[in-house]
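In: Predicted structure and sequence below. I'll ask about it afterward.
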Amino acid sequence: MRTFLSITSIVCCAFLGGAAPVLAESESTGHITANTISLQPNHPDSFRHFAPELPEMRARVSQINTEFGVHLNEIEPGLFFVTDQIYQSAFLVTDDGVVVFDAPPSYAQPLRSVIEMAAPDVAITHLIMSHGHSDHNGGGYAFADIADLTIIVAKDVADTLAAHPLPGILAPTRTFDEKLSLLIGGVPIELQSTHFHAEDTDVMIYLPEQKFLIAIDTITPGEAPFMNFGATTNVSAYFNSFDTFLAYDFEHFLSGHVSVLGTRADVIASRDYSWDVRDTVAGLMPSFHERMMQGLTAVEFQNANLAYRYAIESIRDACAAAVIDRWQNKLSVVDLWADSHCETTALYNVMH
Ligand SMILES: [Zn+2]
């Protein structure tokens, strides 16, 4: 395997230092809206009530190479981590070719450029996709001109893409069902299908020699999980995924989002946070019926949907208050997403 010098950073920060997104002002309707954030500093739901990111998180932020618009770091010999501070991917340089792991469209051309800078004399031979969502692989178009590129996805994902092609995602050339073991340039790469996020299949990508595990749209290192637990389509599988990941012998964990490359400790913290949410909701659910009756009584049995929403929201809010209290000094943005985690879990508990 070839080795390359690490490319360290230059200056930050298009995203973190850029203009804040403009949110709609729902208060203009006059209605009381749950989960509303106002950009007005003195509004009862002002953004100012949310805590800033923790200093420990800020200290880990990857800085952007301004020439290419991405952060690039050789984390193990020949293994490169890439991020634009919002999305993450990786590539491996071997004697037999470059293997690309995911191609986010937010930095598709810069990804091609940094690969060619890091490995100018090595052909790009493989693109391995973690899953079929366009925000992580819609940048495949930047590799479309490469002859004989092997494009590997899980068979379920290939079927989904055949039925519903998404812009920018390249058509697969090789598929597998449950597992696929590859040896590229002498480097073992193990692919394993599982189900923790996407509608069809997610693939864990493992490089045992580099102790490197990819599982996309799972944790956000240093932070509470993204809203609704990474927008999972499978709540139960999401909760169980952490122990699946931890069964691997890994040091680096690429989860696809934020600028920070994860560690084993990050996976453990996310597992403990998520299961604390689950346990907290489980402790509150026995009061669901009582809360529902409170709502029904208050509206004189004229609006059962309102009573149901009240019951769910009151459990959500009690859960969120407890979880924020326990976790806000350990993970960033707990106060921003805890209510979504609690609501997702409460709805899951109603049905299971
Ligand atoms: Zn996704």
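Out: Cool, got the structure.
In: Give me the pLDDT value at the residue in the stretch 151-300 of the chain that the ion sits nearest to.
Out: Of the stretch 151-300 of the chain, the residue with the smallest distance to the ion, taken as Cβ to the ion, is residue 217 at 4.2 Å. Every C-beta, even on glycine, is put in place using the N, C-alpha and C of the backbone. Residue 217 carries a pLDDT score of 93 in this model.
In: and if you look at residue 233?
Out: With respect to pLDDT, residue 233 has a value of 88.
In: Residue 351 now?
Out: We note a pLDDT of 89 for residue 351 in this prediction.
In: Distance of it relative to residue 261?
Out: 35 Å (Cβ to Cβ, to the nearest Å).
In: repeat for residue 178
Out: Relative to residue 261, residue 178 is positioned 27 Å away (Cβ to Cβ).
In: Same drill for those two, tell me which one is more crowded.
Out: It is residue 261, of residue 178 and residue 261, that has more neighbours when counted by other Cβ atoms under 10 Å, with 21 against 11.
In: Excluding residues flanking it in the chain, which one is nearest the more buried one?
Out: Once flanking residues are discounted, residue 261 sits nearest to residue 81: 5.2 Å by Cβ to Cβ, 6 or more residues apart in numbering.
In: is it true that that neighbour touches residue 75?
Out: Yes. Using Cβ atoms under 8 Å, residue 81 and residue 75 qualify as a contacting pair, with a distance of 5.0 Å.
In: So for the two, which sits in the more crowded spot?
Out: residue 81 (20 against 17).
In: Name the SS class of the more buried one, please.
Out: Secondary structure of residue 81, reduced to three states by DSSP: H, G, I helix; E, B strand; the rest coil: strand.
In: List the residues that contact residue 228.
Out: With contact set as Cβ atoms under 8 Å, 6 or more residues apart in numbering, residue 228 has these partners: 340, 341, 343, 344.
In: does the residue lying closest to the last one once chain neighbours are set aside sit in a helix or strand, and which one?
Out: Same thing as residue 344. The spatially closest residue to residue 344, leaving aside those adjacent along the chain, is residue 228, at 4.7 Å (Cβ to Cβ, 6+ apart). Counting by DSSP states H and E, the element that carries residue 228 is helix 227-231.
In: nearest residue to the residue of the stretch 51-200 of the chain found nearest the ion other than its sequence neighbours?
Out: Evaluated by Cβ to the ion, the stretch 51-200 of the chain has residue 133 as its residue closest to the ion, separated by 3.4 Å. Nearest-residue entry for residue 133: residue 198, 6.2 Å, with adjacent residues in sequence omitted and distances by Cβ to Cβ, 6+ apart.
In: host element of residue 182?
Out: In this structure, residue 182 is located in strand 179-184 according to DSSP H and E.
In: just checking, what packs against that strand?
Out: Packing contacts for strand 179-184, counted by 3 or more Cβ pairs under 8 Å, 6 or more residues apart in numbering; DSSP states H and E, involve strand 187-194.
In: What's the first helix or strand after the strand it packs on?
Out: Using DSSP H and E, the helix or strand that follows strand 187-194 towards the C-terminus is strand 202-207.
In: if we can go back for a sec, so what's the residue nearest to residue 261 up against?
Out: Contacts were defined as Cβ under 8 Å, 6+ apart; by that measure residue 81 touches 71, 72, 73, 74, 75, 88, 90, 252, 254, 261.
In: Neighbour-wise, give me the winner out of the residues you listed.
Out: Counting neighbours by other Cβ under 10 Å, the top entry in the contacts of residue 81 is residue 88, with 28 neighbours.
In: and that one, that's in a strand?
Out: Yes. Under three-state DSSP, residue 88 falls within a strand.
In: In space, what's closest to it - neighbours in sequence excluded?
Out: The shortest distance from residue 88 to any residue that is not its chain neighbour, by Cβ to Cβ, 6+ apart, is 5.2 Å, and that residue is residue 256.
In: what does residue 253 give?
Out: On the basis of Cβ to Cβ, 6+ apart, the spatially nearest residue to residue 253 that is not a chain neighbour turns out to be residue 262, at 3.6 Å.
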